[in-house]
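Engineer: 3D model of this:
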Amino acid sequence: MKRKILIVEDLFVEANHLRIMLKRAGYEVTGIARTFEEAVSLIRQHPPGIVLLDIFLAGKKTGIDLAGVLNQQHIPFLYLSANSSEEVLKQAKATRPSGFIVKPFREKDLLVSLEIAEYLHENSSESQLRQEANFQLEVKQLLQSENEWAGQMLGIVKALQKLISFDYAAVGFMGTRHLPFNALHFLRTGFDEYQVMDSEGIQTVWNIRKDEMDALLKATPVDPRTQFYNDERFREMASGNSIRKLVAAKFGMRSNLTIPYPDISMDGQFFFISLYSRRPGAFSGNDLELCDRIQAPLEHIVKEMTGRTSAAFPQVRLGKSVGIVAGNRDAENSFKGMIGQSHLLLNVFNLINQVAGTDTSVLVTGESGTGKERVADNIHSLSSRKNKPFVKVNCAALPISLIESELFGHEKGAFTGATAKRIGRFEQANGGTIFLDEIGDMPAEIQMKLLRVLQQREIERLGGTETIKIDIRVIAATNRNLERAIAEGKFRLDLYYRLNVFPIVMPSLRERRDDIELLVNHFIGYFSRKIGKAVDGVSEKVLKALTDYDWPGNIRELENVIERSVLLARSNIIDQISLPANSTPTNEPSTPEPTFKNIFENERDHIIAVLKACEGRISGENGAAKVLAIPATTLGSKMKKLGIKRHIGVT
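Structural biologist: Prediction:
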């Protein structure tokens with residue numbers, strides 16, 4: 001049964017045209033509104049199943065304001081608009097619409113967009129229900145385990161992590177003045193790894209005395225309602241002497257979600273869960289609704305757990321006051337090719353884990369060299385399509401004259417030079433996954449064709465008349481600011497929203513400096529084995545220089561630097577490092593306008609460095625060609641092209 005539709009559109013002519021289209025397709029239109037107020041009134045009188053919403057309305061309030069009301073009532077909506085400014089698009093994106101249709105549009109495009117929006121809404125609801133059901137099952141199984149109280153609380157924390165992403169948790173019992181304090185604290189240190197602390201462990205880690213901690217607990221306000229505090233509100237809540245202030249200062253937390261369970265009480269204390277995140281704006285009203293939905297089953301489980309505790313409870317103690325508890329999965333084995341334990345990368349792991357089991361389209365954004373392709377690799381390998389084709393397409397590398405043929409294929413004789421039938425990349429990926437890398441560089445004339453393929457899940461080869469149905473999962477990636485490209489008219493807004501169903505943002509390396517040492521050690525191990533040199537690590541001076549550098553080329557640049565350093569190392573420890581000209585040591589004044597080498601200059605420098613390390617030998621067992629993993633003839637051609645002479649790189 002098709003959903004009832006409300007049209008919210010300032011222009012009567014366009015609204016009436018939409019109504020005719022929808023009625024012709026069998027939809028029931030519940031009404032037409034021109035203003036925010038009219039729309040709210042109609043929603044109350046006749047709740048719609050879906051809303052077609054223009055961004056700009058008559059009156060002071062916009063469609064973006066109405067989107068907030070629709071989200072609260074879980075009503076899916078699609079924006080109808082011409083291209084807008086970058087700022088407006090960012091605001092619209094934040095409201096999480098089910099789609100975006102750019103004016104002018106065809107009737108078929110509108111109807112397909114509606115079908116997709118309905119599917120995504122239903123699918124996301126089913127996915128959420130499935131995740132919550134799995135949560136209930138997981139915490140229920142804790143009752144059958146032989147774990148003591150600390151192990152059971154860790155189990156609850158791990159189950160919650162799959163629903164709400166966080167970096168730190170406090171779980172246990174507290175009174176109206178928090179004392180006596182009987183809670184465990186969990187600091188996330190890996191994908192499935194936590195540092196667990198009891199009250200004595202907290203004092204050790206935080207380096208405070210018991211009387212100081214008791215004073216902080218007395219000063220921390222208790223709210224009997226589930227509340228979240230982000231950014232400025234969190235800073236206000238964490239001001240003064242309080243536990244929140246200490247957690248924020250010690251671990252860099254910026255958001256907090258506190259979930260009290262007053263119906264679970266022991267000795268005048270009630271059960272609580274307090275979650276912290278280093279991400280700004282980490283928690284939202286959706287999390288409050290989620291907490292309400294899981295409250296009853298979690299209360300039931302915890303009451304059973306408390307009924308089985310010893311008489312000495314609630315004095316929580318660990319065998320060790322501070323311990324590391326690792327789960328069955330570690331990030332390096334679960335997420336191939338992705339190294340690190342920073343909270344930003346752990347959040348990416350959470351998102352990969354969450355979306356991999358679905359067929360939802362994913363858009364991976366981030367600077368060049370951050371590992372966007374690795375995200376695509378892992379989503380595919382963790383999905384149900386892992387044994388089906390995985391086709392990668394570099395949209396920036398395809399010639400404009402051949403891009404349509406490359407993507408969709410062609411029949412024999414379709415154009416001059418088409419001497420045989422060609423199967424395109426989409427058809428090759430049928431049943432599996434297609435990865436559209438550098439999607440932001442796709443020519444405008446191809447974007448419309450791609451949009452229709454993604455909407456209708458069918459293609460036609462060039463020169464052909466047969467429509468071919470395809471079953472594919474789409475992952476796209478770009479280092480471009482697509483909102484800016486949309487505002488400049490270089491990228492289609494509706495294509496953006498068709499791809500951006502599940503966004504993943506890859507952090508730059510300078511944002512996750514804590515991972516640099518892990519990455520350095522990983523690359524040293526890899527290149528030492530590949531080259532056959534016994535290099536074990538770097539000196540403290542070199543590690544500091546690597547950590548202080550801003551890495552404009554991100555992980556790819558770090559990889560190249562380590563490869564070159566392993567080649568040039570004269571001992572088992574790298575004690576000298578050569579960084580590009582834009583590296584600025586922290587103890588020296590910064591230099592204005594850093595300069596960058598182009599790709600040919602970097603390649604030339606790299607080949608020269610390898611030639612020097614190989615003492616000028618090009619071929620053979622210890623030759624530069626083998627180190628570079630290319631044929632000696634190819635290396636010779638590159639040297640000629642780049643002006644490198646045979647005599648150990650001297651030009």
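
Engineer: in its sheet, what does the helix or strand harbouring Gly172 sit against?
Structural biologist: Using DSSP states H and E, Gly172 sits in strand 168-174. When pairing is defined by DSSP bridges, strand 168-174 lines up against strand 182-190 (antiparallel), strand 269-277 (antiparallel).

Engineer: can you give me the end-to-end span of stretch 510-523?
Structural biologist: 17 Å (C-alpha to C-alpha, to the nearest Å).

Engineer: which residues are contacting it?
Structural biologist: Residues outside stretch 510-523 that contact it (C-beta atoms under 8 Å, 6 or more residues apart in numbering) are 339-342, 344-345, 509, 537-538, 543, 546-547, 550-551, 555, 558-559, 562-563. The C-beta positions use only the backbone N, C-alpha and C, and glycine is treated the same way.

Engineer: try it again at 6 Å.
Structural biologist: The contact list for stretch 510-523 (C-beta atoms under 6 Å, 6 or more residues apart in numbering) reads Ile339, Gly340, Ser342, Leu344, Leu345, Leu546, Thr547, Asp550, Trp551, Leu558, Glu559, Ile562.

Engineer: and stretch 47-55, by the same measure?
Structural biologist: 3-10, 30, 62-63, 70, 76-81.

Engineer: list the buried residues of stretch 54-66.
Structural biologist: By neighbour count with 16 or more other C-beta atoms under 10 Å, stretch 54-66 contains the buried residues Asp54, Ile55, Leu57, Thr62, Gly63, Ile64, Asp65, Leu66.

Engineer: please flag which of those residues sit within strands.
Structural biologist: Within those, residues falling in strands by DSSP state E are Asp54.

Engineer: name whatever forms a beta bridge with Arg394.
Structural biologist: Not Arg; residue 394 is Asn. The partner residues for Asn394, given DSSP bridges, come to Asp437.

Engineer: out of the contacts of stretch 510-523, which are buried?
Structural biologist: Neighbour-count burial (16+ other C-beta under 10 Å) applied to the contacts of stretch 510-523 gives Ile339, Gly340, Ser342, Leu344, Leu345, Leu546, Trp551, Leu558, Glu559, Ile562.

Engineer: quick check: of these, which lies closest to Asn16?
Structural biologist: Using C-beta to C-beta, Leu344 is the member of the buried ones among the contacts of stretch 510-523 that lies nearest Asn16, at 48.6 Å.

Engineer: report the contact partners of that closest one.
Structural biologist: By C-beta under 6 Å, 6+ apart, the residues touching Leu344 are Pro507, Arg512.

Engineer: report the separation between it and Ser165.
Structural biologist: Distance, Leu344 to Ser165, using C-beta to C-beta, to the nearest Å: 11 Å.

Engineer: other SSEs contacting the top helix by length along the chain?
Structural biologist: Ranked by residue count and defined by DSSP state H, the top helix of the chain is helix 107-141. Using 3 or more C-beta pairs under 6 Å, 6 or more residues apart in numbering; DSSP states H and E as the contact test, the elements touching helix 107-141 are strand 99-102, helix 149-161.

Engineer: any idea which of the ones you listed is most buried?
Structural biologist: Of all the helices and strands packed on helix 107-141, strand 99-102 has the most neighbours on average by mean count of other C-beta atoms under 10 Å, namely a mean of 22.

Engineer: need the residues that contact that one.
Structural biologist: Outside strand 99-102, the residues that touch it by C-beta under 6 Å, 6+ apart are Leu78, Tyr79, Leu80, Ser113, Ala117, Leu493, Asp494, Tyr497.

Engineer: now that strand: mean pLDDT?
Structural biologist: Averaging pLDDT along strand 99-102 yields 82.

Engineer: output it as CSV, restricted to C-alpha atoms.
Structural biologist: Taking Å, rounded to 0.1, in the frame of the first residue of the first chain, the C-alpha atoms of strand 99-102 are listed here in CSV:
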residue,chain,number,x,y,z
GLY,A,99,16.3,11.9,-0.5
PHE,A,100,16.7,15.0,-2.5
ILE,A,101,15.0,15.8,-5.9
VAL,A,102,16.5,18.6,-7.9
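
Engineer: and stretch 271-288, how far from the chain's centre?
Structural biologist: Averaged C-alpha coordinates place stretch 271-288 at 17 Å from its chain's average position (C-alpha atoms, centre = their mean, to the nearest Å).

Engineer: ends of it, how far apart?
Structural biologist: This stretch, stretch 271-288, spans 17 Å end to end (C-alpha to C-alpha).

Engineer: quick one: mean pLDDT over that stretch.
Structural biologist: Stretch 271-288 comes out with an average pLDDT of 91.

Engineer: hmm, back to that, show me the contacts of stretch 47-55 that map onto helices.
Structural biologist: Using DSSP H, the contacts of stretch 47-55 in helices are Gly63, Leu70.

Engineer: just the contacts of stretch 47-55: which are in strands?
Structural biologist: Reading strands off these with DSSP E, I get Ile5, Leu6, Ile7, Val8, Thr30, Phe77, Leu78, Tyr79, Leu80, Ser81.

Engineer: which of the residues you listed lies closest to Ala420?
Structural biologist: Set against Ala420, the nearest of the ones in strands among the contacts of stretch 47-55 by C-beta to C-beta is Leu78 (42.1 Å).

Engineer: how near is the closest residue to the closest one other than its chain neighbours to Asp109?
Structural biologist: The shortest distance from Leu78 to any non-neighbouring residue, by C-beta to C-beta, 6 or more residues apart in numbering, is to Gly99 (4.2 Å). The gap separating Gly99 from Asp109 is 10 Å, by C-beta to C-beta.

Engineer: also Glu87?
Structural biologist: Here Glu87 is placed at a distance of 26 Å from Asp109 (C-beta to C-beta).

Engineer: same for whatever helix or strand Ile20 lives in, what does it pack against?
Structural biologist: Following DSSP H and E, one finds Ile20 within helix 12-24. Counting contacts by 3+ C-beta pairs under 6 Å, 6+ apart, helix 12-24 packs against strand 5-8, strand 29-33.

Engineer: buried set for the first one?
Structural biologist: Residues of strand 5-8 classed as buried by neighbour count (16+ other C-beta under 10 Å): Ile5, Leu6, Ile7, Val8.

Engineer: can you list those in JSON lines and add distance to Asn350 and pLDDT?
Structural biologist: Output for the buried residues of strand 5-8, formatted as JSON lines (distance: C-beta to C-beta, whole Å; pLDDT from 0 to 100):
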{"residue": "Ile5", "distance to Asn350": "35", "pLDDT": "95"}
{"residue": "Leu6", "distance to Asn350": "35", "pLDDT": "95"}
{"residue": "Ile7", "distance to Asn350": "38", "pLDDT": "95"}
{"residue": "Val8", "distance to Asn350": "35", "pLDDT": "95"}
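
Engineer: most widely separated two among those residues?
Structural biologist: Ile5 and Val8 (10.2 Å).

Engineer: pLDDT on the strand holding Gly172, on average?
Structural biologist: Strand 168-174 shows a mean pLDDT of 87.

Engineer: neighbours of Asn71, just the number please.
Structural biologist: Neighbours of Asn71 under the rule other C-beta atoms under 10 Å: 17.

Engineer: kind regards, and thank you for your time.
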